[in-house]
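Novice: Curious how this folds, go ahead:
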Amino acid sequence: MYTLLSGLVRYMLKKDEYNILILGLDNAGKTTLLEHTKIKFTSGYTGKPFHKITATIGLNIGKISAMGVELLFWDLGGQDELQSLWDKYYSECHGIVYVVDSLDENRVDDSRLAFEKMITNEHLIGVPLLFLCNKQDMQGCLSVNQIREAFSDSATKMGKRDCSVRGVSALHGQGIEDAIVWLTQAVVKNNETRPPINKDD
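Specialist: The predicted structure is shown next:
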């Protein structure tokens, strides 16, 4: 009887889980974004000191609960030699967060090329996209509209998908909570195309 009841409780408390990729060039602020996301959505979590965050070699993983579901984030390294590994995760992801360094004007074109290669992959057709222009708190950064213009040629290659372009500061947490709420709603809305991991377990 206890086993039956405990199994029922586990079933009722079980949350659907969605895999989210955090992509972008190195130094765009992806790991800092993940840390601040965990801080904002995980009670009691204070995060690691931001000045100790270093370039991701491989990946970082983090999980949050939001709006009754769980998001499992895969923060992938953005160095040139690591970008070739991104596509290994595409078929299992439910949403993409693409991060651009608004302060690094010299590499915006490099970021656009990486973005186009990623977004046109057949395994990402229809997957919701959260496009974040990071470091908007820094003086001299490119505005969201300037970055949008720099990526304008990419718009026709994105296909039909839910997409949101936002300015954020990963370091200070500005704009992150609203962005993650939007992403959560988008992946849940898309669950007929990409069912959550626990949906039919």
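Novice: make it CA atoms for all contacts and neighbour counts henceforth
Specialist: Fine.
Novice: what sits against residue 121?
Specialist: By Cα atoms under 8 Å, 6 or more residues apart in numbering, the residues touching residue 121 are residue 87.
Novice: quick one: it from residue 158, how far?
Specialist: 10 Å (Cα to Cα, to the nearest Å).
Novice: next one: residue 66
Specialist: For residue 66, the distance to residue 158 under the criterion Cα to Cα works out to 27 Å.
Novice: These two: which has the busier surroundings?
Specialist: Per other Cα atoms under 10 Å, whichever of residue 66 and residue 158 has more neighbours is residue 158, with 21 against 14.
Novice: contacting residues around that one?
Specialist: Residue 158 sits next to 119, 120 when contact means Cα under 8 Å, 6+ apart.
Novice: what do you get for the one 5 residues further on?
Specialist: Taking Cα under 8 Å, 6+ apart, we find residue 163 in contact with 128, 129, 130, 131.
Novice: Dihedrals phi and psi, it?
Specialist: Torsion angles at residue 163 (phi, psi; degrees, to the nearest 10) stand at phi -150, psi 140.
Novice: Show me what the closest residue to it other than its chain neighbours is bridged to.
Specialist: Once its chain neighbours are removed from consideration, residue 163 has its nearest residue in residue 129; the separation is 4.7 Å (Cα to Cα, 6 or more residues apart in numbering). Residue 129 has these beta-bridge partners by DSSP bridges: residue 96, residue 163.
Novice: With residue 66 instead?
Specialist: According to DSSP bridges, residue 69 are recorded as the beta-bridge partners of residue 66.
Novice: Verify the stated contact: it with residue 181.
Specialist: Yes: with contact defined as Cα atoms under 8 Å, residue 66 and residue 181 form a contacting pair (7.4 Å).
Novice: mind checking the SS state of the closest residue to residue 92 other than its chain neighbours?
Specialist: Once its chain neighbours are removed from consideration, residue 92 has its nearest residue in residue 19; the separation is 7.0 Å (Cα to Cα, 6+ apart). For residue 19, the secondary-structure state derived from DSSP: H, G, I helix; E, B strand; the rest coil is strand.
Novice: Flag the shaky bits of this structure, pLDDT-wise.
Specialist: Applying pLDDT under 70 to the chain picks out residues 1-13, 48-58, 198-201.
Novice: the longest helix in it is where?
Specialist: Counting residues, the longest helix found in the chain (DSSP state H) is helix 176-189.
Novice: Would you mark the buried spots in it?
Specialist: Of the residues in helix 176-189, those buried by neighbour count under the rule 16 or more other Cα atoms under 10 Å are 176, 179, 180, 183, 184, 186, 187, 188.
Novice: Pick out the most distant pair among the residues you listed.
Specialist: Of all pairs drawn from the buried residues of helix 176-189, the one with the longest distance (Cα to Cα) is 176 and 188, at 18.4 Å.
Novice: And the strands in the chain, which stretches?
Specialist: Under the criterion DSSP state E, the chain contains strands at 17-23, 59-66, 69-76, 95-101, 129-134, 163-167.
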